[in-house]
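>>> Predicted model and sequence follow; I will ask about them next.
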Amino acid sequence: MKAYQLKSGAGLAGLQLAERPSAALGTNDIRVRIEAAALNPRDVSFAKGQFYNPPDHPIVPLVDGCGEVAEIGSGVTRFKLGDRVITNYYPRWIDGSISPAKTSVSFGAQIDGTLAEEITASENDFVAAPGNLDAAAAATLSCAGATAWNALFVAGAAKPGSSVLLLGTGNVSLWALKLAKAAGLFTIITSSQDDKLERARAMGASATVNYRTTPEWQQEVIRLTGEAGVDLVVEVGGENTLARSLKATAFGGTVVVVGRVSGSGGASIEPGALIGGAKRLVGITVGSRATLEQLVRFVDVNRIEPVIDCSFPFGEAAAAYEYLQAGQHFGKVVIDIRA
Ligand SMILES: NC(=O)c1ccc[n+]([C@@H]2O[C@H](COP(=O)([O-])OP(=O)(O)OC[C@H]3O[C@@H](n4cnc5c(N)ncnc54)[C@H](OP(=O)(O)O)[C@@H]3O)[C@@H](O)[C@H]2O)c1
């Protein structure tokens, strides 16, 4: 089978297409013929050697993937031949609270991932894909989708009618917008570009703010919520946004810290920014398989379709990385493994 291999820190020049033997199939393993994979910022970080705990040998990169079960071990009970499955980001985190052991390994970072014609792993490492999505769309759930779900409804505990602030129109935010809209939340989303804000409004955003032309965007968020602030912020910005996000949060509200697209340096926050309004600051890292299964059910029941920017053929995977890195995308960057 054909698979890309990449050693952490080797850069995009190190991304090599190779012929590999199929892995041996264990009793509880399934062999999945991958149809589509998708990129996340962590994959660019891995290429640059900036992702945690990498192995010292090349692995198959990427975590997002969807494909068809092509072979099953004799002890497999969760899937049958022909089922369409997606990867669980942290194969060792099935349910319950987080622990170092559960999050020590993720596909495409410490073990082989999805940028290959097939992947062979325990049946426990996969979840049935939602019935309403094709493979390209289903491939986008494992990382950005599950993270948005966790931020809104697990760590963020949003209720119908809650107000939520989404920062920028990156893929976690767009997933969160889709989910929040379907759940009846009041959504405010920011962007550096008015045309992206227009697209977000067309997707159902309740209100929008251009964070470039309105640098004190937290004031506009407060105004848009009748001076109360939002119940929840999905904080993907980091260094340059965290303090403003806290200001934009209502008394008793929550800031879920997800990412650092604006910078990963220290963000200056006074204790009083949390104490006075009894605000909660909580970090998350993707989620468990149970979290992903909740998302799959919600997507299926509500016929939610993720935003896909574009799809690259398997042979042009490096170009897909470059496109994501350029940062002009609006939606997921997918790789069609069969093209
Ligand atoms: N904790 C976790 O489990 C987890 C999971 C997934 C991702 N992440 C992290 O979360 C972040 C977002 O991931 P993603 O997949 O959504 O990335 P992405 O699609 O690459 O996000 C890019 C977008 O970020 C926005 N952005 C850049 N600077 C900004 C700023 N100063 N203020 C507000 N928005 C800004 C831009 O939106 P506009 O073009 O609209 O301005 C840009 O299009 C990344 O840091 C990623 O590593 C964490």
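Happy to help now that I have it. Residues are numbered from 1 along each chain as shown.
>>> Does the closest residue to residue 286 other than its chain neighbours belong to a helix, a strand or coil?
Among residues not flanking residue 286 along the chain, residue 89 sits closest, at 4.4 Å (Cβ to Cβ, 6 or more residues apart in numbering). Using the backbone N, CA and C atoms, a C-beta is placed for each residue, glycine as well. At residue 89, secondary structure determined by DSSP: H, G, I helix; E, B strand; the rest coil is coil.
>>> How about the contacts made by residue 89?
By Cβ atoms under 8 Å, 6 or more residues apart in numbering, residue 89 lies in contact with 63, 106-107, 142-143, 146, 286-287, 292.
>>> With residue 168 instead?
189-192, 211, 236-237, 261.
>>> Mark out where each domain of this protein begins and ends.
According to automatic domain parsing, the chain comprises the domains 2-143+287-336, 156-283.
>>> who wins for proximity to residue 150 among the ones you listed?
Counting by Cβ to Cβ, residue 150 lies closest to domain 2-143+287-336 out of these; the figure is 4.0 Å.
>>> Would that closest one count as contacting the ligand?
Yes: residues of domain 2-143+287-336 contacting the ligand under Cβ under 6 Å from any ligand atom: 40-42, 143, 327.
>>> which residues in the stretch 151-300 of the chain form helices?
171-182, 194-202, 217-224, 242-247, 272-275, 289-301 (DSSP state H, counting those that start in this stretch).
>>> Please work out which of those is packed deepest.
Each of the helices of the stretch 151-300 of the chain was scored by mean neighbour count; the highest is helix 171-182, a mean of 25, by mean count of other Cβ atoms under 10 Å.
>>> by contact count, what packs against it?
With contacts taken as 3 or more Cβ pairs under 8 Å, 6 or more residues apart in numbering; DSSP states H and E, helix 171-182 sits against helix 146-149, strand 163-166, strand 186-191, strand 230-235, helix 289-301.
>>> tilt between the last one and helix 171-182?
Here the directions of helix 289-301 and helix 171-182 differ by 60 degrees (axes from the mean of the first three to the mean of the last three Cα atoms, to 10 degrees).
>>> What is the subsequent helix or strand relative to helix 289-301?
Going down the chain from helix 289-301, the next helix or strand is strand 308-313, by DSSP states H and E.
>>> quick check: angle from that following strand to helix 171-182?
Counting by the same axes, to 10 degrees, strand 308-313 lies at 130 degrees to helix 171-182.
>>> so what's residue 57 up against?
Contacts for residue 57 (Cβ under 8 Å, 6+ apart) come out as residue 7.
>>> Just put the domains of the chain in a markdown table and tack on mean pLDDT.
Formatted as a markdown table, the domains of the chain follow (pLDDT from 0 to 100):
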| stretch | mean pLDDT |
| --- | --- |
| domain 2-143+287-336 | 98 |
| domain 156-283 | 97 |
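>>> Surely residue 236 touches residue 170?
Yes: Residue 236 lies in contact with residue 170 (Cβ atoms under 8 Å); the separation is 6.0 Å.
>>> what is in contact with those two at once?
Joint contacts of residue 236 and residue 170 (Cβ under 8 Å, 6+ apart) are 259, 261.
>>> of those two, who's got more company?
residue 236 (26 against 23; other Cβ atoms under 10 Å).
>>> Would you format the domains of the chain as JSON lines with distance to residue 150 included?
Shown next, in JSON lines, are the domains of the chain (distance: least, Cβ to Cβ, whole Å):
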{"stretch": "domain 2-143+287-336", "distance to residue 150": "4"}
{"stretch": "domain 156-283", "distance to residue 150": "8"}
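>>> quick one, what contacts residue 158?
For residue 158, the contact set (Cβ under 8 Å, 6+ apart) comprises 152, 164, 180, 183, 185, 231-232.
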